[in-house]
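Participant: With the sequence up front, the predicted model follows.
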Amino acid sequence: MDDLTRAVEAALFASDAPLSIDDIAAYVGEGDVEQALAALAERYVGHGVELVERGGRWHFQTAPDLAHILRRTREDARRLSRAATETLAIIAYHEPVSRAEIEAIRGVQISKGTLDVLMEAGWVKTAGRREAPGRPLLYATTPDFLTHFGLASRRDLPGIDDLKAAGLLDPLDEAVFQLQLENESDEG
Amino acid sequence: MDDLTRAVEAALFASDAPLSIDDIAAYVGEGDVEQALAALAERYVGHGVELVERGGRWHFQTAPDLAHILRRTREDARRLSRAATETLAIIAYHEPVSRAEIEAIRGVQISKGTLDVLMEAGWVKTAGRREAPGRPLLYATTPDFLTHFGLASRRDLPGIDDLKAAGLLDPLDEAVFQLQLENESDEG
Amino acid sequence: MGDEELFIAPVRDDEALNLSLDGWEGPLDLLLNLARAQKVDLHQISILALVEQYLTYLEQAKALRLEIAADYLVMAAWLAYLKSCLLLPKDPTVDPSPEELALRLQLRLQRLDAMRDAGARLMGRDRLGRDVFSRGAPEGLKLVRKSAWQIGAFDLYAAYGRVKARTQPAMHVVAHRSVMTLEDAIQRVSALLGQALDWTTLEAFLPVTADPQYRRSALASSFVAALELARQGRLELDQREPFAELLVRNAA
């Protein structure tokens, strides 16, 4: 193993957070970090630990098939409610997305705590405002979201291509439906 | 790599403390843990990470020769404070000089931090003690000081006459001068 | 996939559907579960049958005197409207057409279903900290901050000049001021006294000047001169009341 690859390996082992190629370069200095990462990833194939890329950041993690021997006995602290799970999925598949859009897809208002839980977990962040009437605040996922759910990038989201092809991720033409509902309720 | 070795590797990697052979066995179950550890240790020879045993407990650690890459130095441009600049000037003109002497010349006390900053910057060093009551510590400038200020030697420092000619010894502090003018106009 | 059970909320049988409205997250959630109970692909559901099921469900809830939130009733009204439109002979002037509306409802259900499925699939992934683990005791990478002090030679010399200037022994120089000495004043007052015949104010003896400092000096010196001349018996002083004008005249 060459010096650069050793250095990259050591930096990734020592870091308490995933590192981008630039981060790594800042520690190991001159050299082809990408090539070293590729060499390392190959080295670890078949190991109990593997090198993975998540949203442009690299880290070592244990192999998924060993989950059963490592899984802590304690309860999964991050068990999300159904509302939070759906909201997270909607944000991930539609980002950036406003609260009103999330509510339109789910057909119910989101309780205040739902987005808070996702932001506190570090999976969701605000992502500016849409330049539209009311300038609604937008939400998007974070790099930690990709890291936590083991996604190389958002393109890696399960089934995203099929959903896109089926038009199920298109912007909602909600106005008509909503209007219809309101008119009806006025009449009724 | 066999399943047991992979499991041992993953358990050691994920553990937040070194593990004894019994600890490891509790994770990985049946099998020759010692042999797996030996195989692992050998695997990691020449890596940037190594498997080590300390008092019967095993853990991974980054290779000692790579310790230097795990710390990265970043330089932040900062302005030297007025107190530090004056202290540095006094040391340069009067070295070797004790702290009490610096204070006498400045007419103001200096904090410990001021000298620390100058020493950390590499411009000032301690230069023995004066053989006098209290044996005060003496301070002097370093070769780095000369380099930084583009001086061949301390003799290149401008003399008092040079300073006077440059108007740098003008006794009228701007603020004081202003005050005097105001007092006079009050009287008039 | 084998984990189908995990990803799709279990389809409730009719009895379960009848129990309450508390379990549903809004009318869309209820509709989606009713649609799934049709046990066909969401593309192929019968909207009319779905509307019928929804309305029946609400009827049953009413019969059981369950509290029904307003949004369920709004949806019921809208579905009843949709149903009547779908059953009536086609009116080409209505836009959007009832079929279009039915299609939109179907799309909404598909969309919610897709997100529900996606959420379940996300949760079922190998999650960091649950299924896969990062290093338990990383040594940590350190960022050592070093200050690059910004200071030039001029700053240094100026600082020394400042110190020297501050601590130089103070030497006080009295600036030159135009004054009338006492001697000048005595001479001037005695000379002018000779010309004056009667009581005259002391100010009348002062020289004409634009310099207020010199004027004040001349006044003070002339006053002292007047006192001195009075002491010598060469002039008389008179003042009618305190702070009134000071009058002088020749004593001879």
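Facilitator: Cool, the structure landed.
Participant: contacts, neighbours, all on C-alpha from now
Facilitator: OK.
Participant: in chain A, which ranges drop under the pLDDT threshold?
Facilitator: Chain A contains residues with pLDDT under 70 at A:72-78, A:173-188.
Participant: mind redoing it with 50?
Facilitator: By pLDDT under 50, the weakly predicted segments of chain A are A:74, A:175-177, A:179-188.
Participant: how's it carved up into domains?
Facilitator: A:3-70, A:78-153, A:158-188 (automatic domain parsing).
Participant: Just put those domains in a markdown table and tack on mean neighbour count and distance to residue C:144.
Facilitator: Converted to a markdown table, the domains of chain A look like this (neighbours: other C-alpha atoms under 10 Å in any protein chain shown; distance: least, C-alpha to C-alpha, whole Å):
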| stretch | mean neighbour count | distance to residue C:144 |
| --- | --- | --- |
| domain A:3-70 | 19 | 11 |
| domain A:78-153 | 18 | 25 |
| domain A:158-188 | 14 | 41 |
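Participant: What are the boundaries of the strands in chain C?
Facilitator: C:142-150, C:200-201, C:235-238, C:247-250 (DSSP state E).
Participant: Would you mind measuring from the residue lying closest to residue C:182 once chain neighbours are set aside to residue C:192?
Facilitator: The shortest distance from residue C:182 to any non-neighbouring residue, by C-alpha to C-alpha, 6 or more residues apart in numbering or on different chains, is to residue C:221 (5.2 Å). The gap separating residue C:221 from residue C:192 is 15 Å, by C-alpha to C-alpha, to the nearest Å.
Participant: With neighbour numbers in mind, choose between these two.
Facilitator: Using other C-alpha atoms under 10 Å in any protein chain shown as the criterion, residue C:221 and residue C:192 rank with residue C:221 on top: 22 against 14.
Participant: give the contact list for that one.
Facilitator: Each residue near residue C:221 by C-alpha atoms under 8 Å, 6 or more residues apart in numbering or on different chains is listed here: C:180, C:181, C:182, C:185.
Participant: please redo it, this time with the cut-off set to 10 Å
Facilitator: Contacts for residue C:221 (C-alpha atoms under 10 Å, 6 or more residues apart in numbering or on different chains) come out as C:179, C:180, C:181, C:182, C:183, C:184, C:185, C:186, C:189, C:206, C:215, C:227.
Participant: now chain C, which segments are flagged as low pLDDT?
Facilitator: Scanning chain C for pLDDT under 50 picks out C:1-19.
Participant: Please see if the longest helix belonging to it touches chain A.
Facilitator: Assignment by DSSP state H gives helix C:98-123 as the longest helix of chain C. Yes: Helix C:98-123 lies within reach of chain A by C-alpha under 10 Å from any C-alpha of the partner chain, at C:101, C:104-105, C:107-123.
Participant: by contact count, what packs against that helix?
Facilitator: helix A:82-94, helix A:99-106, helix A:160-165, helix A:174-187, helix C:4-7, helix C:27-37, helix C:47-63, helix C:70-87 (3 or more C-alpha pairs under 10 Å, 6 or more residues apart in numbering or on different chains; DSSP states H and E).
Participant: Now render these as JSON lines, adding distance to residue A:1.
Facilitator: Shown next, in JSON lines, are the helices and strands packed on helix C:98-123 (distance: least, C-alpha to C-alpha, whole Å):
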{"stretch": "helix A:82-94", "distance to residue A:1": "39"}
{"stretch": "helix A:99-106", "distance to residue A:1": "49"}
{"stretch": "helix A:160-165", "distance to residue A:1": "38"}
{"stretch": "helix A:174-187", "distance to residue A:1": "58"}
{"stretch": "helix C:4-7", "distance to residue A:1": "44"}
{"stretch": "helix C:27-37", "distance to residue A:1": "56"}
{"stretch": "helix C:47-63", "distance to residue A:1": "64"}
{"stretch": "helix C:70-87", "distance to residue A:1": "65"}
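Participant: Nearest approach to residue B:127 belongs to which of those?
Facilitator: Proximity to residue B:127 (C-alpha to C-alpha) singles out helix A:82-94 among these, at 63.6 Å.
Participant: Pull that closest one out as CSV, backbone CA atoms only.
Facilitator: Taking C-alpha atoms only, helix A:82-94 is exported to CSV below (Å, rounded to 0.1, in the frame of the first residue of the first chain):
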residue,chain,number,x,y,z
ARG,A,82,-45.6,7.6,10.0
ALA,A,83,-46.2,11.3,9.4
ALA,A,84,-42.4,12.0,9.8
THR,A,85,-41.5,9.1,7.6
GLU,A,86,-43.8,10.2,4.8
THR,A,87,-42.7,13.8,5.1
LEU,A,88,-39.1,12.8,4.9
ALA,A,89,-39.8,10.7,1.8
ILE,A,90,-41.7,13.6,0.2
ILE,A,91,-38.9,16.0,0.9
ALA,A,92,-36.2,13.6,-0.4
TYR,A,93,-38.1,12.8,-3.6
HIS,A,94,-39.4,16.3,-4.4
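Participant: That helix vs helix A:99-106, what angle?
Facilitator: In terms of direction (axes from the mean of the first three to the mean of the last three C-alpha atoms, to 10 degrees), helix A:82-94 departs from helix A:99-106 by 110 degrees.
Participant: how about helix A:82-94, does it reach chain C?
Facilitator: Yes: residues of helix A:82-94 contacting chain C under C-alpha under 10 Å from any C-alpha: A:82-94.
Participant: Of the residues you listed, which are in range of chain B?
Facilitator: Near chain B, judged by C-alpha under 10 Å from any C-alpha, there are no entries from the residues of helix A:82-94 next to chain C.
Participant: So which of these is the closest to residue B:62?
Facilitator: Of all those, residue B:62 sits closest to residue A:92, with 36.0 Å by C-alpha to C-alpha.
Participant: which residue sits closest to that closest one in space, ignoring its chain neighbours?
Facilitator: Nearest to residue A:92 is residue A:141, by C-alpha to C-alpha, 6+ apart, at 5.9 Å.
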